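**Student:** 3D, please:
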Amino acid sequence: WRAEVGAAAGIAVGVRVLYLAGADGSVMALRRDNGAVVWRVRPGEGIATAPVLASGAVVVGFSDGPIVTLDPATGAVQGRYVPGPGLHGQPVVLDGAVVFLSDGSALHVLGPD
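**Tutor:** Purely as a prediction, here's the structure:
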């Protein structure tokens, strides 16, 4: 199959779904078996980072805003963390925690509860 998704910042691979962040700040979920759009949201400001999967959520940061956790089934915002003026670079997952640099060059670790 083939799906037109526009400019994408990156992809996270789930069991049945692919999660993409677009250069326009949108985040979307596509079915892996046929490319059908499951949901599409725009939960932040600026350019989105590639999504990562951590602690049962889709996690995406934004150049001009927060890092958000999204429900993988619906795209609903589950949480929002504002590290300052935005993110600098791609969040990574380390032992279930999300690690990233903010634009203020501060290292942030959002660990699982």
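
**Student:** when you work out contacts or count neighbours from here on, use the C-alpha atoms and nothing else.
**Tutor:** Will do.

**Student:** Ala21 contacts Gly44, correct?
**Tutor:** No - if you go by C-alpha atoms under 8 Å, Ala21 and Gly44 don't touch, sitting 11.1 Å apart.

**Student:** please say which of those two ends up with more neighbours.
**Tutor:** Ala21 (30 against 20; other C-alpha atoms under 10 Å).

**Student:** any stretches of the protein with poor pLDDT?
**Tutor:** 113 (pLDDT under 70).

**Student:** contact partners for Pro112?
**Tutor:** Listed by C-alpha atoms under 8 Å, 6 or more residues apart in numbering, the contact partners of Pro112 are 55, 96-97.

**Student:** and the gap between it and Ala8?
**Tutor:** Going from Pro112 to Ala8 by C-alpha to C-alpha, to the nearest Å gives 27 Å.

**Student:** and what of Val60?
**Tutor:** Taking C-alpha to C-alpha, one finds Val60 at 13 Å from Ala8.

**Student:** shared neighbours of these two, which are they?
**Tutor:** Ala21.

**Student:** the more surrounded of the two?
**Tutor:** Val60 (27 against 18).

**Student:** contacts only, for Val68.
**Tutor:** 43-44, 59-61, 77-81.

**Student:** swap the cut-off to 7 Å and go again
**Tutor:** 59-61, 77, 79-81 (C-alpha atoms under 7 Å, 6 or more residues apart in numbering).

**Student:** most surrounded residue in the residues you listed?
**Tutor:** Highest count within these by other C-alpha under 10 Å belongs to Gly61, 34 neighbours.
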